[in-house]
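Student: Got a sequence here, can you model it:
(4 chains)
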2 protein chains.
Amino acid sequence: MTEVLAIREKHDGALADRSSVRLWLRLLSCTMAIEKDVQRRFAGRGATLARFDVLAALDRHEEGMMMGALSRALLVSNGNVTQLVQKLAKDGLVRIAPLPADRRASIVRLTAKGRAEFAGLAAAHHDWIDGLVADMDGEAREILYHALGELKRSIAKGQALEP
Amino acid sequence: MTEVLAIREKHDGALADRSSVRLWLRLLSCTMAIEKDVQRRFAGRGATLARFDVLAALDRHEEGMMMGALSRALLVSNGNVTQLVQKLAKDGLVRIAPLPADRRASIVRLTAKGRAEFAGLAAAHHDWIDGLVADMDGEAREILYHALGELKRSIAKGQALEP
DNA sequence: GGTGGATAGTTTAGGTCTAAAGCAATTGGA
DNA sequence: TCCAATTGCTTTAGACCTAAACTATCCACC
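Tutor: Have a look, this model is predicted:
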C-alpha cells in the first residue's frame, strides 16, 4: 500500500479560475518538481544544474564553443556564461583558449577531467529523469510530448504577436 | 505570412537520446519560455514574479498568513519569504503584525495599496497567459492539462520511491 | 517549577540569473 | 585611411533562492 503524495500546485485553487492559468500553474509545478529534484541530487554530488548544462553543451561540441555560442545554446545571458565558465576553468573542467583570428573571442573546450565528470553526471541525470517519468507508459509520454509541441508553437506565436 | 520562430530547446539534439530526457527538455523549454516572458512583462511594470506570488497568496487569505504558511504555500524557503515580505512591507504593500498569542509568530496582511496593486497585476497576468496559449484550442489544452496530471502523479511516485 | 525538545523566523554565505554599462577588437563604409 | 557602428566578452548592481546556523519562544512532561 504505497501512499503517493501529490505534488502541490502553487496557488492551488486561487488564481486558477481561468483555464489557461490553471494549465500554466500545473505546467509550472511539474517543471519545478523535476527541476528541484534534479537540483537536489546534483547538489548531493557537489554539482549544479547550471554547470551541468555548460558541460553538456561543450560535450557535443568537441571543437569548442565561443562564449557567445554557449550563451545562445543555453538561453542564458552573456554575463552568466562568463561566471560559470570561469569557475569551471578554475576547477579544471574546461579550458579557455584565445582565438588568434579574433582577439576579442575565446574558445572554451572540455578538459579530459571535464569530459569524465560530464559522463558521470549525464548517466545519473538520465536515470533520475527515467525514474520520475517511469509511471507513465510510452503512449502517455508520447501524448504529453506532442501536446507540449503544440503549446510550444502557441507560445512562439503569442510572443511574436505582442512584443 | 506570419513567420513564427520556434522556441529553442536547450541541448536540442544532444542529451536527448532517451525519450524521457527529450520529454523533460521540452517541458523545461515551454516553462522557461512562459516564465521568462511573464518575468519580462512584470519587470516592465516594476514588479517581479516572486513578489506577485506573495501578493496572490495573501489576496486569497484576507485574514492574513503566518510567514511559515506563506513559505509552504509558495514552496520556497523560510529565509526567502522573510526577504520578500520585508521588502513588500517597506513598499507599503503588506503589513506585518505581531501575533499576541505567540510572540515568535507574525501575521502578514495585504494593505489596501497591496490589494490594488495585486488586482492590476493579476488581470494583466491572466491576459498574458491567455495570449500565450491562445493558439491551442480547448480540446488540445484539456489533453495537455490531463497529460500533465499524469506526469505529476508519476513524479510524486518517483520521488516517493528513491529518496 | 524547570528543562529539553519542537517551532517561528532571521541571518549568513553562497549559488543562479539578468540588464545595463563598459572595454577592447573588428569591420564596413565614406 | 579613418572612424563609427558592431561584436565578443566582462563587470556591476541587484533580484531571487537555498541550506544551515542561530535566536527566541512555546510547550510537554517530569
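
Student: Going by C-alpha atoms from here, please, whenever you check contacts or count neighbours.
Tutor: Fine.

Student: now do the same end-to-end measure for stretch A:61-79.
Tutor: End-to-end span of stretch A:61-79 (Cα to Cα, to the nearest Å): 21 Å.

Student: Please give the centre-to-centre distance between that stretch and its chain.
Tutor: In terms of Cα atoms, centre = their mean, to the nearest Å, the centre of stretch A:61-79 is set 14 Å apart from its chain centre.

Student: and chain A, which of its residues are near DNA strand C?
Tutor: Taking Cα under 7 Å from any atom of the strand as the contact definition, chain A meets DNA strand C at A:48-51, A:75-80, A:84, A:101-104.

Student: Report the buried members of those.
Tutor: Listed as buried from the residues of chain A next to DNA strand C are A:49, A:51, A:75; burial here means 16 or more other Cα atoms under 10 Å in any protein chain shown.

Student: got a list of what the spatially most central residue of chain A touches?
Tutor: Chain A has residue A:53 as the residue nearest its centroid, 6.0 Å off, counting by Cα atoms, centre = their mean. For residue A:53, the contact set (Cα atoms under 8 Å, 6 or more residues apart in numbering or on different chains) comprises residue A:74.

Student: Adding distance to chain B, pLDDT and secondary structure, write the buried ones among the residues of chain A next to DNA strand C out as CSV.
Tutor: Putting these into CSV (distance: Cα to the nearest Cα, whole Å; pLDDT from 0 to 100; DSSP: H, G, I helix; E, B strand; the rest coil) gives the following:
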residue, distance to chain B, pLDDT, secondary structure
A:49, 12, 89, helix
A:51, 13, 93, helix
A:75, 7, 90, coil
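
Student: Now tabulate these in JSON lines and tack on distance to residue A:30.
Tutor: Below are these laid out as JSON lines (distance: Cα to Cα, whole Å):
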{"residue": "A:49", "distance to residue A:30": "17"}
{"residue": "A:51", "distance to residue A:30": "22"}
{"residue": "A:75", "distance to residue A:30": "20"}
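
Student: coming back round to it: so the residue nearest to the centre of chain A is in which element?
Tutor: Using DSSP states H and E, residue A:53 sits within helix A:49-59.

Student: touching DNA strand D at all, that helix?
Tutor: No. Helix A:49-59 lies out of reach of DNA strand D by Cα under 7 Å from any atom of the strand, never closer than 12.7 Å.

Student: Next SSE downstream of that helix?
Tutor: Per DSSP H and E, the first helix or strand lying C-terminal to helix A:49-59 is strand A:65-66.

Student: so does that following strand get close to DNA strand D?
Tutor: Yes. Residues of strand A:65-66 contacting DNA strand D under Cα under 7 Å from any atom of the strand: residue A:66.

Student: Show me which positions of the helix or strand harbouring residue A:35 end up buried.
Tutor: Assigned by DSSP H and E, residue A:35 belongs to helix A:19-44. The neighbour-count check on helix A:19-44 (16+ other Cα under 10 Å) flags A:19-35, A:37-39, A:41-42 as buried.

Student: The strand or helix carrying residue A:86 and DNA strand D, any residue contact?
Tutor: Following DSSP H and E, the helix or strand that holds residue A:86 is helix A:78-90. Yes. Contact of helix A:78-90 with DNA strand D (Cα under 7 Å from any atom of the strand) involves A:78-83.

Student: Whatever helix or strand residue A:72 lives in and DNA strand D in contact?
Tutor: Element membership for residue A:72 (DSSP H and E) is helix A:67-74. Yes. Under the criterion of Cα under 7 Å from any atom of the strand, DNA strand D is reached by helix A:67-74 at A:67-69.

Student: just to revisit the earlier point, partners of the next helix or strand after the helix holding residue A:86, with directions?
Tutor: Per DSSP H and E, helix A:78-90 leads on to strand A:94-98 as the next helix or strand towards the C-terminus. Next to strand A:94-98 in the sheet, as set by DSSP bridges, lie strand A:106-110 (antiparallel).

Student: got a list of contacts for the strand it pairs with?
Tutor: A:55, A:58-59, A:62-67, A:93-99.

Student: Repeat that for stretch A:86-98.
Tutor: A:51, A:85, A:105-115, A:117.

Student: so for the helix holding residue A:86, what's the average pLDDT?
Tutor: Averaged over helix A:78-90, pLDDT sits at 95.

Student: Stretch A:117-124 too?
Tutor: For stretch A:117-124, mean pLDDT is 92.

Student: and what of stretch A:62-69?
Tutor: Here stretch A:62-69 scores 95 as its mean pLDDT.

Student: so where's chain A uncertain?
Tutor: Chain A contains residues with pLDDT under 70 at A:1-18, A:162-163.

Student: still on that earlier bit, check whether the helix holding residue A:35 comes near chain B.
Tutor: Yes. Applying Cα under 8 Å from any Cα of the partner chain, one finds helix A:19-44 in contact with chain B at A:20-21, A:23-24, A:26-28, A:30-31, A:33-34, A:37.

Student: quick one: is stretch A:148-163 near chain B?
Tutor: Yes. Interface with chain B: stretch A:148-163 contributes A:148-160 (Cα under 8 Å from any Cα).

Student: Alright, that wraps it up for me.
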